[in-house]
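1. Sharing a sequence plus its predicted fold:
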2 protein chains.
Amino acid sequence: MTDEKELMCSECPHHVECGGKNIELVKRLADKMITEEEAYFVSELFKALSDMTRVRILFCLLGGEMCVCDIQELVGVSQSAVSHQLRTLKQAGLVKYRREGKSLYYSIADGHVSTMLATGLEHISE
Amino acid sequence: MTDEKELMCSECPHHVECGGKNIELVKRLADKMITEEEAYFVSELFKALSDMTRVRILFCLLGGEMCVCDIQELVGVSQSAVSHQLRTLKQAGLVKYRREGKSLYYSIADGHVSTMLATGLEHISE
DNA sequence: CAAACATATGAATAACTGTTCATATATTAT
DNA sequence: ATAATATATGAACAGTTATTCATATGTTTG
């Protein structure tokens, strides 16, 4: 009874009587839970992958580094839109770039990005 | 010259003269590009992972199947909010559930989900 | 230096999203 | 059948986001 009170949800006190509740499981996991900060950063990361245009840009870049105007042609959206989305991808640490003359060459930042894209593509194909 | 015209962006015709453009790369990738439909589904999948509450719910479920009120306690948001988010996760194919009496037990749908979460967590830790 | 090129950026707007509140549905117990 | 429990759902509102348009920045060429 004391245990149940400790786990009681302040907003919905009647839930202390929930029959399905697995008190042991909840107590055990409470410590191991992802922190608010980690959850925030992870969600921000996936947010960067949650737009069709950005996904298409990243799949372009899986083929190798590419300047903005190449991406623009392959993806078929305006220069400004590509640039804005590249900024989002850069801030999320998903792409990097180098300058060569007037052009900026963007590329996939690291292996995690390819892994996430590949896993995502697998997942939707089932 | 003919090649360049074929690749010309209708909205920004001046870009046919872009010096940085790698025509061979663009031509080669144009066929292998992810389709609009695939890009849409992939982005929808990641959209389901792009919210802090949903990420926290999924990390709960990595510890094992759990009923809604357990999730509610661990994540600390209202019953309605949990339920709405579980719906989103279900529609994205990220979780499944089974009924046992009055309770619904949710769990991670498949290995892809764990992989994506783990990769995401790795990525932000660097 | 001026012009052209490649890309970035700020503001504005339309569309979308997450939560809350109220209520509905489904299951079990009395 | 009625009440209680566990969860789902619809509407509404505030906050967020992607695109467009106009303009700015940085680089090369003449």
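-> In hand now; what should we look at? Numbering: from 1, shown residues only, chains lettered A, B, ... in the order given.
2. And for the most centrally placed residue in chain A, nearest residue in space, chain neighbours not counted?
-> With distances taken as C-alpha atoms, centre = their mean, residue A:46 lies nearest the centre of chain A, 1.2 Å away. Nearest residue to residue A:46, sequence neighbours excluded (C-beta to C-beta, 6 or more residues apart in numbering or on different chains): residue B:49, at 3.8 Å. Heads up, the C-betas are built off the backbone N, CA and C, glycines and all.
3. per-residue pLDDT, that neighbour?
-> Note for residue B:49: predicted pLDDT of 98.
4. hang on, isn't it packed against residue A:43?
-> Yes: contact criterion C-beta atoms under 8 Å: residue B:49 and residue A:43 qualify, at 7.1 Å.
5. tell me, what's touching those two both at once?
-> Among the neighbours of residue B:49, those also in contact with residue A:43 (C-beta atoms under 8 Å, 6 or more residues apart in numbering or on different chains) are residue B:55.
6. Look at these two and report which has more neighbours.
-> Between residue B:49 and residue A:43, counting by other C-beta atoms under 10 Å in any protein chain shown, residue B:49 is the more crowded of the two (25 against 20).
7. which residues does the more buried one contact?
-> Contacts of residue B:49 by C-beta under 8 Å, 6+ apart are A:42-43, A:46, A:49-50, B:55, B:58, B:94, B:116-117, B:120.
8. Check which helix or strand the nearest residue to residue A:77 once chain neighbours are set aside maps to.
-> Spatially, and ignoring its direct neighbours in sequence, residue A:77 is nearest to residue A:53 (5.9 Å; C-beta to C-beta, 6+ apart). Using DSSP states H and E, residue A:53 maps to helix A:52-62.
9. And that helix, what does it pack against?
-> Helices and strands touching helix A:52-62, by 3 or more C-beta pairs under 8 Å, 6 or more residues apart in numbering or on different chains; DSSP states H and E, are helix A:68-75, helix A:79-91, strand A:103-108, helix A:111-124, helix B:36-48.
10. Just give me the closest of the contacts of residue B:49 to residue A:72.
-> residue A:49 (20.0 Å; C-beta to C-beta).
11. Next secondary structure element downstream of the helix or strand bottoming out on mean pLDDT in chain A?
-> Within chain A, confidence by mean pLDDT, DSSP states H and E is lowest for helix A:2-6 among all helices and strands, at a mean of 33. Sequence-wise, the next helix or strand downstream of helix A:2-6 (DSSP H and E) is helix A:23-32.
12. do that following helix and DNA strand D meet at all?
-> No: applying C-beta under 7 Å from any atom of the strand, one finds helix A:23-32 out of contact with DNA strand D, separated by at least 12.0 Å.
13. Give the other helices and strands that that helix contacts.
-> helix A:2-6, helix B:68-75.
14. please redo it, this time with the cut-off set to 10 Å
-> Counting contacts by 3 or more C-beta pairs under 10 Å, 6 or more residues apart in numbering or on different chains; DSSP states H and E, helix A:23-32 packs against helix A:2-6, helix B:52-62, strand B:66-67, helix B:68-75.
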